[in-house]
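Visitor: Quick one: sequence and predicted model below, then my questions.
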Amino acid sequence: MRRKFPLFHGKKGCGLRTHILTIRKKFQSRLRRRHTSLRKFWSPGHMCNNSARFRRKGPPAICPFFVLRPTSTGEEMNTYIALFRGINVGGKNSILMKELAAALEGMGARNVKTYIQSGNVVFQSAEENPAQLSKKMAVEIKKSHGFEPCILVLSRAAIQKAIAANPFAEAETDPASLHLGFLASRPESPDLVKLSSLKKESERFHLSDGVFYLHAPEGVGRSKLAASAEKLLGVPMTDRNWRTVCKVLEMAQE
């Protein structure tokens, strides 16, 4: 005699297979109700490589396991590059990069990364005004280290634009000879005639929107043009060579 499932013994047509189908339907229905109640607070993750079906019809009965991911907090983070000027030079205004990173993290910055001791920092912040952010950083460092550095905070888009607009593409193969001077503001009356008179025959320069490009194949250490550029432009300028600019952009895109 065929055995029937004990819980349904005596009931016509209620064998083991019928019992399994009933349990599966109930479990599927329960999961769908749970998914509906949590939809306001959670977003569905991948389930059985078929997340589209999950969103459309709910969880299939053959695979009841799924992952729930919290939705975004709504706080949008902006990626910035901070260029410090005049730190760790000749034993003055010394600050370790790990201390610099800690100071920014104390201000609420996230994913802080530094590059070499000259002061190049990539980070994320909810602040939308780079100039205001620069002032806050300078004040914070003065409190912790006793000096107020000159800091130029640029967006990732600004660095991308500066690289794309390089007028001396052939000089990119010698990154140490190609320098970008990032300007704190737009020069109102730059003395381009005087700048031209100071450059060597091998040197070239170009003033663009917010950036002073200088190609100095013989180096910037003895270049009169490099030494006088900021004064003749009339605005504060923070200089970086091509290798450093490309590196910080790479870090900002990670």
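Guide: Happy to help now that I have it. Numbers count the residues shown, from 1 in each chain.
Visitor: make it CA atoms for all contacts and neighbour counts henceforth
Guide: Noted.
Visitor: how about the helices in this structure?
Guide: 16-38, 51-57, 97-106, 130-145, 156-164, 192-198, 224-233, 242-252 (DSSP state H).
Visitor: Tell me how far residue 209 lies from residue 188.
Guide: 12 Å (C-alpha to C-alpha, to the nearest Å).
Visitor: now swap in residue 231 and tell me
Guide: 13 Å.
Visitor: which of those two has more neighbours?
Guide: residue 231 (12 against 9; other C-alpha atoms under 10 Å).
Visitor: Give me the pLDDT for the more buried one.
Guide: In this model, residue 231 is scored at 97, pLDDT.
Visitor: which residues sit in contact with it?
Guide: By C-alpha atoms under 8 Å, 6 or more residues apart in numbering, residue 231 lies in contact with nothing.
Visitor: again, but for the one 10 residues further on
Guide: Under the criterion of C-alpha under 8 Å, 6+ apart, the contact list for residue 241 reads 175-180.
Visitor: Tell me the bridge partners for the closest residue to it other than its chain neighbours.
Guide: Using C-alpha to C-alpha, 6 or more residues apart in numbering and skipping the chain neighbours, the partner closest in space to residue 241 is residue 179 (4.2 Å). Bridge pairing for residue 179 (DSSP bridges) gives the partners residue 214, residue 241.
Visitor: was I right about residue 179 contacting residue 246?
Guide: No: using C-alpha atoms under 8 Å, residue 179 is not in contact with residue 246, being 11.4 Å away.
Visitor: quick one: which of the two has more around it?
Guide: residue 179 (25 against 16).
Visitor: Can you tell me the number of residues neighbouring residue 153?
Guide: When neighbours are counted by other C-alpha under 10 Å, residue 153 comes out with 24.
Visitor: Residues in a beta bridge with the residue nearest to it when sequence neighbours are not counted, which ones?
Guide: In space, and not counting its chain neighbours, residue 153 is closest to residue 82: 4.4 Å by C-alpha to C-alpha, 6+ apart. Under the criterion DSSP bridges, residue 82 forms beta bridges with residue 121, residue 153.
Visitor: so what's residue 82 up against?
Guide: Listed by C-alpha under 8 Å, 6+ apart, the contact set of residue 82 reads 119-122, 134, 151-154.
Visitor: cutoff 7 Å now
Guide: 120-122, 151-154 (C-alpha atoms under 7 Å, 6 or more residues apart in numbering).
Visitor: Mind putting those residues into JSON lines with distance to residue 214?
Guide: As requested, the contacts of residue 82 are arranged in JSON lines below (distance: C-alpha to C-alpha, whole Å):
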{"residue": "120", "distance to residue 214": "20"}
{"residue": "121", "distance to residue 214": "23"}
{"residue": "122", "distance to residue 214": "24"}
{"residue": "151", "distance to residue 214": "21"}
{"residue": "152", "distance to residue 214": "19"}
{"residue": "153", "distance to residue 214": "21"}
{"residue": "154", "distance to residue 214": "20"}
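Visitor: Would you reformat those as CSV and include pLDDT?
Guide: Formatted as CSV, the contacts of residue 82 follow (pLDDT from 0 to 100):
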residue, pLDDT
120, 96
121, 97
122, 98
151, 96
152, 97
153, 97
154, 97
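Visitor: ok, and the most crowded of these?
Guide: Busiest of these [other C-alpha under 10 Å] is residue 122, holding 27 neighbours.
Visitor: Nearest spatial neighbour of that residue, chain-adjacent residues omitted?
Guide: residue 81 (4.6 Å).
Visitor: can you check residue 181 too?
Guide: residue 239 (4.1 Å).
Visitor: Count the residues that sit near the one you found.
Guide: 21.
Visitor: Equivalent analysis for residue 195, please.
Guide: 17.
Visitor: repeat for the one 3 residues further on
Guide: Close neighbours of residue 198, defined as other C-alpha under 10 Å, add up to 16.
Visitor: cool, and residue 146?
Guide: 11.
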